[in-house]
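S.K.: show me the folded form of this:
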Amino acid sequence: MGLKGLREFLRRHHLVALDTSVFIYQLEANVRYLPLSDHIFSWLEQADSRAITSTITMTELLTQPYRDAGSQRVDEIYGLLSTYPNLAWIAPSLEISGMAGRIRAAHRLRTPDALQAATAIHAGATGMITNDAVLKRVDAFETLVLDDLL
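M.R.: Numbers count the residues shown, from 1 in each chain. Model (predicted):
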């Protein structure tokens, strides 16, 4: 399936939600996933591409650099991703939080996953790219698990 499956998925959806793992693989240049994450970030740079993620993604991305006291790395990550083209960062509102609670209860998801799912639904995303198969439990959008492409 590989890149072909990823391209087909991206073509099917007018708005795609990106889970934290996509960003981690790109930032860490993870050899296993880099061809996929490279394609996603190249796709994001195209004018007709649209993606969203929850601000919880930034929290998850910055935790380790803060632990390492790597303020330069924190600045690099924040600077790069907060201004990335065609990527909207959506903060949890009371409405999103309430929806996340319902999703968490119904599908037995961890809070970060429920917030990602609720953010995707709230924004109107029709697809979610992740490497967390538990998000397949949410049927409000199509979930693409990166490991399924390998």
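S.K.: gap between the residue lying closest to residue 92 once chain neighbours are set aside and residue 34?
M.R.: With CB to CB, 6 or more residues apart in numbering as the criterion, residue 92 has its nearest non-adjacent residue at 5.7 Å, and that residue is residue 115. Glycine gets a C-beta too; all of them are placed from N, C-alpha and C. According to CB to CB, to the nearest Å, residue 115 stands 26 Å off from residue 34.
S.K.: neighbour-wise, which of these two wins?
M.R.: Between residue 115 and residue 34, counting by other CB atoms under 10 Å, residue 115 is the more crowded of the two (25 against 13).
S.K.: what helix or strand does the more buried one sit in?
M.R.: helix 111-123 (DSSP states H and E).
S.K.: so after the helix or strand bottoming out on mean pLDDT in the chain, what's the next helix or strand?
M.R.: The weakest-scoring helix or strand in the chain, judged by mean pLDDT, DSSP states H and E, is helix 71-82 (a mean of 86). Sequence order places strand 87-90 as the next helix or strand after helix 71-82, per DSSP H and E.
S.K.: can you give me the buried ones in that next one?
M.R.: 87, 90 (16 or more other CB atoms under 10 Å).
S.K.: give me the distance from that strand to the chain's centre.
M.R.: Here strand 87-90 is found 10 Å from its chain centre; the criterion is CA atoms, centre = their mean, to the nearest Å.
S.K.: by contact count, what packs against it?
M.R.: Applying 3 or more CB pairs under 8 Å, 6 or more residues apart in numbering; DSSP states H and E, we find strand 87-90 packed against strand 51-54, helix 111-123.
S.K.: ok, the first one: who's next to it in the sheet?
M.R.: For strand 51-54, sheet partners with direction are given as strand 16-18 (parallel), strand 87-90 (parallel), following DSSP bridges.
S.K.: contacts for the last one?
M.R.: Same thing as strand 87-90. With contacts defined as CB atoms under 8 Å, 6 or more residues apart in numbering, strand 87-90 is touched by 18, 44, 50-55, 57-58, 81-82, 96, 119, 122-123.
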